[in-house]
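Engineer: 3D model of this:
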Amino acid sequence: MNDKIFKSYDIRGIYNEEFNNNDVKIIAQAYLQEIARIGKKEIKDLKIIISRDIRHSSPEITNTFIEEVIKYGVQIYDLGLMPIDAIYYLVGKDNYDGGVMITASHNPPVYGGIKMLATKVEAIRGIRIKEVIKELKEISKIEGNKKELDIWDRYIEHILSFVNLENIKSFKIVVDAGNAMAGITIPKIFSKIPQIEVVELFFELDGDFPSRDPNPLNEGAADKLIAKVKEAKADLGAIFDADSDRIFLVDEKGNFIKGDQILILLSEKILKDNPGASIIYNLICSKAVPDIVEKLGGKAIRSEVGYANVKKHMEEENGIIGGEVSGHFSFKNNYYSDCAYAALLMILEILSLKNEQLSSLVEKNKIYYRANELNITIDDIPLALNKLRKKYKENIRDEIDGLTVEFYNGGLLNWWFNVRASNTEPLLRITVEAKDKEIAEKYQKELLEIINN
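Structural biologist: Numbering: from 1, shown residues only. Here you go, the predicted model:
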């Protein structure tokens, strides 16, 4: 089996090239053994749920996974096409022993993948499944069962519970579904909020993702949304990735808003309703996040990058919300897991209560200048990190996730950077932020020269 498919968080690779149906069967067996161990149950007593995205490979992977697990007495409930946060919700709410979504998230169309959960919405990492496979035990066969389950009404009601619908005023919004899961979910949500006019962009389901890149952060992916927001004179735009666990916004002027700025807006509302609450942010978020959270009386908790890491810190610190630059937003009320749709509704409620445009609210929170993240492919990532470690050894903050280095002048932040290996792709990611654009761009260039020298 190709080691490349075992990622930090899930299973992901080019289907029928890097992994195939036989691999799916072995992965399914390893998954059952792992969740049985975690839940302290016999495999034959397990109850799990499964859903899938709209990729061409997903029906075949789903059917193979289901056929494999029911050989061992498992009761599996098939939700069909559902977004990933519905799995988080149902595993948490109904105490299933596990949950699976067949998806390759934001990867290109040729990819397939599997996201896996244990009881209590515990993420089963791909790298953990790799270890279980090495010591795979034989499982006694006993006939299990598959049932189809429709949870749409419950799930939509859950999403709506994050806001007071009476607070939400009339808006025109453009939503870019990217031919994927948001194209199913958004109409169901906003059928319950008639005062919102939704301009639909790429709602037709298509596993080839013909309208744009499935990753909203890739170059050009949001261009059509930005143009449509301006053309429609909309109040805002929203764009989702393929499995719809990530969301980004575009303000009424067409400015693309990244996840950390959205987190600040959400945090302001949460801290007003929950004084002193813990807000979890990952370590590549703008320093404006902890600055503003603490100014508002909240507790800002720094996390490694990755939704599984954010969830862990939320549980440990009783966090109300966790957020990342990458557009992941986790909520205590969604079992410390992602719910991009809840984030969108909360933003609409915030805009309604403040009676201000999105661009105005975001501009107030831009304390620092953040350069665009650089992603570079190099042969020797440890060597590159060691070069930077030697150069900036006096200013290293920590290495809990890559290398974070900070520079202060008179107690005030001048600039900082984080350089780390990607958890999902063979890349070195470089984040630089400073008190102004000139400083940020100067040191971003310096870092590249050191790495490439």
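Engineer: domains of this protein?
Structural biologist: 3-151, 170-255, 259-364, 369-452 (automatic domain parsing).
Engineer: okay, the residue lying closest to Arg12 once chain neighbours are set aside: pLDDT?
Structural biologist: Excluding its sequence neighbours, the residue lying closest to Arg12 (Cβ to Cβ, 6 or more residues apart in numbering) is Gly113, at 3.8 Å. Every residue, glycine included, has its C-beta placed from N, CA and C. On pLDDT, Gly113 comes in at 98.
Engineer: next helix or strand past the longest strand seen in the chain?
Structural biologist: Across the chain, the longest stretch assigned as strand under DSSP state E is strand 412-421. Next along the chain after strand 412-421, taking DSSP states H and E as the criterion, comes strand 428-434.
Engineer: show me how far stretch 26-45 is from its chain's centre.
Structural biologist: Relative to its chain's centre, stretch 26-45 lies at 25 Å (Cα atoms, centre = their mean, to the nearest Å).
Engineer: state the mean pLDDT of that stretch.
Structural biologist: pLDDT averaged over stretch 26-45 gives 98.
Engineer: that stretch: which residues count as buried?
Structural biologist: Within stretch 26-45, the residues that qualify as buried are 26-36, 39, 43-44, counting by 16 or more other Cβ atoms under 10 Å.
Engineer: and if you look at stretch 377-391?
Structural biologist: Residues of stretch 377-391 classed as buried: 381, 384-385, 387-388 (neighbour count, 16+ other Cβ under 10 Å).
Engineer: from the chain's centroid, how far away is that stretch?
Structural biologist: Computed by Cα atoms, centre = their mean, the separation of stretch 377-391 from the middle of its chain amounts to 27 Å.
Engineer: which residues are contacting that stretch?
Structural biologist: With contacts defined as Cβ atoms under 8 Å, 6 or more residues apart in numbering, stretch 377-391 is touched by 396, 402-403, 405, 419, 421, 426-428, 447, 450-451, 453.
Engineer: may I ask which two of these are separated the most?
Structural biologist: Ile396 and Pro426 (24.6 Å; Cβ to Cβ).
Engineer: hmm, back to that, what's the longest strand of the chain packed up against?
Structural biologist: helix 381-391, strand 403-409, strand 428-434, helix 437-452 (3 or more Cβ pairs under 8 Å, 6 or more residues apart in numbering; DSSP states H and E).
Engineer: please name the residues that touch the residue nearest the centre of the chain.
Structural biologist: Closest residue to the average C-alpha location of the chain: His328 at 3.6 Å, with Cα atoms, centre = their mean. Contacts of His328 were listed using Cβ under 8 Å, 6+ apart, and they are 245-246, 259, 307, 310, 322, 338, 340.
Engineer: what pLDDT does it get?
Structural biologist: Reported pLDDT at His328 in the predicted model: 97.
Engineer: on that earlier part again, who has more neighbours out of Ile396 and Pro426?
Structural biologist: Per other Cβ atoms under 10 Å, whichever of Ile396 and Pro426 has more neighbours is Ile396, with 13 against 10.
Engineer: tell me where this protein has helices.
Structural biologist: 21-39, 58-69, 84-94, 126-134, 152-160, 182-190, 223-232, 259-273, 288-295, 307-317, 340-354, 358-364, 381-391, 437-452 (DSSP state H).
Engineer: quick one: which of those helices is nearest Glu204?
Structural biologist: Proximity to Glu204 (Cβ to Cβ) singles out helix 182-190 among the helices of the chain, at 6.8 Å.
Engineer: who are the packing partners of the closest one?
Structural biologist: Counting by 3+ Cβ pairs under 8 Å, 6+ apart, helix 182-190 packs on helix 152-160, strand 171-176, strand 196-201, helix 340-354.
Engineer: ok, Leu205 to Asp78 distance?
Structural biologist: Distance check for Leu205 against Asp78: by Cβ to Cβ, to the nearest Å, it reads 18 Å.
Engineer: ah, wrong one, I meant Arg429
Structural biologist: Applying Cβ to Cβ to Arg429 and Asp78 gives a distance of 36 Å.
Engineer: re earlier: the residue nearest to the centre of the chain and Ile76: what is the separation?
Structural biologist: Using Cβ to Cβ, His328 is found at 27 Å from Ile76.
Engineer: nearest to Tyr368 among the buried residues of stretch 377-391?
Structural biologist: Minimum distance to Tyr368 across those is 20.6 Å, recorded for Leu388 (Cβ to Cβ).
Engineer: show me what contacts the residue nearest to Ile129 when sequence neighbours are not counted?
Structural biologist: In this structure, Ile129 finds its nearest non-sequential neighbour in Ala30, 5.0 Å apart by Cβ to Cβ, 6+ apart. Residues near Ala30 by Cβ under 8 Å, 6+ apart: 129, 132-133, 136.
Engineer: please check those and keep the buried ones.
Structural biologist: Members of those classed as buried by 16+ other Cβ under 10 Å are 129, 132-133.
Engineer: from those residues, which is closest to Asn20?
Structural biologist: Once Cβ to Cβ is applied, the member of the buried ones among the contacts of Ala30 that ends up nearest Asn20 is Ile133, at 14.8 Å.
Engineer: nearest to Ala371, of the helices of the chain?
Structural biologist: Comparing those by Cβ to Cβ, helix 437-452 comes nearest, at 4.4 Å.
Engineer: which neighbouring elements make contact with the closest one?
Structural biologist: strand 369-370, strand 374-376, helix 381-391, strand 412-421, strand 428-434.
Engineer: paired strands for the fourth one, with orientation please.
Structural biologist: What that stands for is strand 412-421. strand 403-409 (antiparallel), strand 428-434 (antiparallel) (DSSP bridges).
Engineer: what's next to it, contact-wise?
Structural biologist: Strand 412-421 is contacted from outside by 283-284, 287, 305, 368, 381, 384-385, 388, 397, 401-408, 427-435, 439-440, 443-444, 447, 451, using Cβ under 8 Å, 6+ apart.
Engineer: do the first one as well
Structural biologist: Strand 369-370 is touched from outside by 286, 431-437, 439-440, with contacts defined as Cβ under 8 Å, 6+ apart.
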